[in-house]
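Student: Sequence plus the predicted model coming up.
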Amino acid sequence: MPELPEVENYRRFFAERAVGRIVLRVVVTDPTTVRNASARAFARALAGRTFLRADRHGKWMLARTDGPTLLVHFGMTGDLIWSGDEPPRHRHDRVIFELEGGDELRYRNMRRLGGVWLAHDAGEERTVLGDLGPDALTVGRREFLGHLARRRGGAKAVLMDQRFAAGVGNLIADEVLWQARIHPKRSVASLDAADRARLFGVLRKVLTTAVEEFDYLQSRPAWLSHVRGQPGARCPRCRAPLARVTAAGRTTYLCPRCQPPPG
DNA sequence: TCGCTTGTTGATGG
DNA sequence: GCCATCAACAAGCG
């Protein structure tokens, strides 16, 4: 599931359910999910701690405690599960936080892409998160355009580069480029001022909308995402059949009429 | 069996 | 050094 909008909703969910609560015990059912500590050290470091705040940067969730910070990446299939919504544990619940009062928060991930890390200070946090660009939801227009001016390469590759703007994944990139009428393989160097301004405005609009409507894939029939991947799908704007190509190494859907190819 | 999946990283070649 | 591509990781589905 998770690109920026999903992770932002996980963050809000975590803030509602876990912030202010004490961790009684941490159960690691899959040690490979804990990435920069042993399962035992990870569990011991968080036991007895209180979750103070939940932040997000791009696709990362950062859960602050009165001890170390818990860093969570959801990969392609990660999720947060609350025991009150789903009492029985599931085989893909790989880390379980037992909270004071008897509730559990569970990190579920079918595939093992993603995981959890601990950071004991700001330096460790930077090491784990890597070289992330500004968060794609909150980046300002000036900073966005400044970063864009220094980049070369295809528009989709740049949008999805976490060093450019953190949080944009394969689906959001397709949606943004389709709404902005920019071909995914178009070189960003070839974009004129109007293209760049449109790209920023659309990115902002798509992300803010998707964050507030968790089921935007279903609830926005005028969006590309609503029909993306369906056999025989047509452009919601002009009804032309969608094209399927590979760009930036990922399956990409676009409208050949609305998004004219480069050259 | 093969191909595909909303992610990231490292190797490789131009 | 930059950029594009591909394999690998991983588990499930059609």
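Tutor: Arrived safely.
Student: Quick one: mean pLDDT for stretch A:164-176?
Tutor: For stretch A:164-176, mean pLDDT rounds to 97.
Student: Averaged over its residues, which helix or strand of chain A has the lowest pLDDT?
Tutor: The helix or strand of chain A with the poorest confidence is helix A:216-219; it has a mean of 79 (mean pLDDT, DSSP states H and E).
Student: after it, next one along is what?
Tutor: helix A:224-227 (DSSP states H and E).
Student: quick one: contacts for whatever residue of chain A ends up closest to DNA strand B?
Tutor: Nearest residue of chain A to DNA strand B: residue A:169, at 2.0 Å (Cβ to the nearest atom of the strand). (C-beta placed from N, C-alpha, C; glycine too.) Counting by Cβ atoms under 8 Å, 6 or more residues apart in numbering, residue A:169 touches A:2, A:3, A:4, A:59, A:160.
Student: 7 Å instead, please
Tutor: Neighbour list for residue A:169: A:3, A:160 [criterion: Cβ atoms under 7 Å, 6 or more residues apart in numbering].
Student: Could you do residue A:180 as well?
Tutor: With Cβ under 7 Å, 6+ apart, residue A:180 has these contacts: A:198, A:199, A:202.
Student: swap the cut-off to 8 Å and go again
Tutor: Residue A:180 makes contacts with A:195, A:198, A:199, A:202, A:203, as judged by Cβ under 8 Å, 6+ apart.
Student: Mind checking which of those residues are in helices?
Tutor: A:195, A:198, A:199, A:202, A:203 (DSSP state H).
Student: so what's the last one closest to, chain neighbours aside?
Tutor: Nearest-residue entry for residue A:203: residue A:176, 5.1 Å, with adjacent residues in sequence omitted and distances by Cβ to Cβ, 6 or more residues apart in numbering.
Student: Same question for the first one.
Tutor: Here the nearest residue to residue A:195 in space, its sequence neighbours aside, is residue A:182; by Cβ to Cβ, 6+ apart that works out to 6.2 Å.
Student: Equivalent analysis for residue A:152, please.
Tutor: Nearest non-adjacent residue to residue A:152, counting by Cβ to Cβ, 6+ apart: residue A:189, 5.4 Å away.
Student: That neighbour and residue A:154 touch, don't they?
Tutor: No: using Cβ atoms under 8 Å, residue A:189 makes no contact with residue A:154, being 10.2 Å away.
Student: higher neighbour count, the two?
Tutor: Higher neighbour count among residue A:189 and residue A:154: residue A:154, with 17 against 10, using other Cβ atoms under 10 Å.
Student: got a list of what residue A:111 touches?
Tutor: By Cβ under 8 Å, 6+ apart, the neighbours of residue A:111 are A:75, A:76, A:77.
Student: and it, how far is that from residue A:104?
Tutor: To residue A:104, residue A:111 is 22 Å away according to Cβ to Cβ, to the nearest Å.
Student: what are the ranges of the strands in chain A?
Tutor: A:23-28, A:51-57, A:60-65, A:69-73, A:78-82, A:93-99, A:104-109, A:115-119, A:243-247, A:250-254 (DSSP state E).
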